[in-house]
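Asker: A structural model of the following input is requested.
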Amino acid sequence: MNKRDLLLICVGLMLTAGGWITTSRAQDRSESHALDGTNLNLSHAAGQLHVRFDAPTKGWIAVGFNENRRLKGTHFVIAAADGGAVRIEEHVALVPDHKAVQDLGISPALGNASVSLKDGRSYLAFSLPHVLPHRPELTLVPGSRVHIMLAWSHSPDFDHHSAWRRHVDIVL
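Answerer: Next comes the predicted model:
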């Protein structure tokens, strides 16, 4: 073990004590976070932000992005795999409700989306363009400061409120 490895272990332990474990690999532009039994992985390629999120639930899970530190206006992907039925949608938080982007007259930007359920955990993967066509002020390029929302529910019904939700400021 060299000094760099020891330093990375110490930093990891300090971040774990604060609730986040962060691993960043410059070569693949990937970043991972773990919080309260959830896992989030973000990576960049070909003008896209690629997201993977898993949570300890059989209900819906969601990941959202906002340029401001608030729920209102958060652009998010919500998904559920319920009894073989798969549902994945892009929504915007209107507070106290949320609506699918197409119901707001916005074209979906979601790509490569999948959701699955295994052993009581839900797994969501998707990609979004670095710049959403309808939301140029919200940039998802590497180095951008973004307010992320992570959430999950016990129910697969998208109208059911979250059982767990966290908001975190990060630099992509």
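
Asker: Run a quick neighbour tally on A46.
Answerer: The tally of other residues near A46 (other C-beta atoms under 10 Å) stands at 8. All C-beta spots, glycine's among them, are computed from the backbone N, C-alpha and C.

Asker: Per-residue pLDDT of it, please?
Answerer: According to the prediction, A46 has pLDDT 92.

Asker: got it, and the one 5 residues further on?
Answerer: If you check V51, the pLDDT there is 98.

Asker: before we move on, which element is it in?
Answerer: Per DSSP states H and E: V51 is located in strand 48-55.

Asker: and D82, what are its bridge partners?
Answerer: Under DSSP bridges, the beta-bridge partners of D82 are A85.

Asker: what about it, neighbour count?
Answerer: D82, neighbours per other C-beta under 10 Å, totals 16.

Asker: and what of R70?
Answerer: Neighbour count of R70, defined by other C-beta under 10 Å: 13.

Asker: which residue sits closest to it, ignoring its sequence neighbours?
Answerer: Closest residue to R70 apart from its sequence neighbours, by C-beta to C-beta, 6 or more residues apart in numbering: H147 at 7.5 Å.

Asker: Please apply the same query to R165.
Answerer: With C-beta to C-beta, 6+ apart as the criterion, R165 has its nearest non-adjacent residue at 4.0 Å, and that residue is A151.

Asker: and if you look at N41?
Answerer: In this structure, N41 finds its nearest non-sequential neighbour in R52, 4.3 Å apart by C-beta to C-beta, 6+ apart.

Asker: Next one: the one you found from I106, what distance?
Answerer: Distance, R52 to I106, using C-beta to C-beta, to the nearest Å: 24 Å.
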